[in-house]
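Engineer: This is a predicted model, with the sequence first.
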Amino acid sequence: MSDADARTPAQIEADIKRRRDQLAETLDEIGVRVHPKTIVGDARAKVASKVDHTLGRAYVGANRLVSDVKGQLVAENGEPRLERIVPVALLVVGVVGLLAVGTKRRKA
């Protein structure tokens, strides 16, 4: 006689109840996972995570760029390097002037 044959009806009923409870719990979990609010919430969390990651990388890149530019325009003792600042300033003024003239011509 095997162990399955030796079980009492009470043991079989307890096993059925335990398996039914496990199945109900599994179905509840599936219901939560496929619920539209859960799906939307998960999608939002993924997008927010990617945006945070992208913004973090952009911040690091911009910070590195600013540091590099500052290193080119400011001496180690903190004084501005006029020999580098003046040409950059003239270039910026020239570009702004060209943009202003171009905008003026389009309006006319």
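Structural biologist: Ah, there it is.
Engineer: what residue ranges in this protein are flagged as low confidence?
Structural biologist: 1-5, 108 (pLDDT under 70).
Engineer: Now the element after the helix or strand D68 falls within, going C-ward?
Structural biologist: For D68, the element it lies in under DSSP states H and E is helix 36-73. Once the chain leaves helix 36-73, the next helix or strand it forms, by DSSP H and E, is helix 82-107.
Engineer: got the angle between that following helix and helix 36-73?
Structural biologist: Comparing the axes of helix 82-107 and helix 36-73 via axes from the mean of the first three to the mean of the last three Cα atoms, to 10 degrees yields an angle of 130 degrees.
Engineer: in helix 82-107, what counts as buried?
Structural biologist: For helix 82-107, the neighbour count (16 or more other Cβ atoms under 10 Å) marks no residue as buried. No exception for glycine: its C-beta is placed from N, CA and C like everyone else's.
Engineer: That one - contacts with which helices or strands?
Structural biologist: helix 36-73 (3 or more Cβ pairs under 8 Å, 6 or more residues apart in numbering; DSSP states H and E).
Engineer: other SSEs contacting the helix it packs on?
Structural biologist: helix 82-107.
Engineer: Thanks again, I'm all set now.
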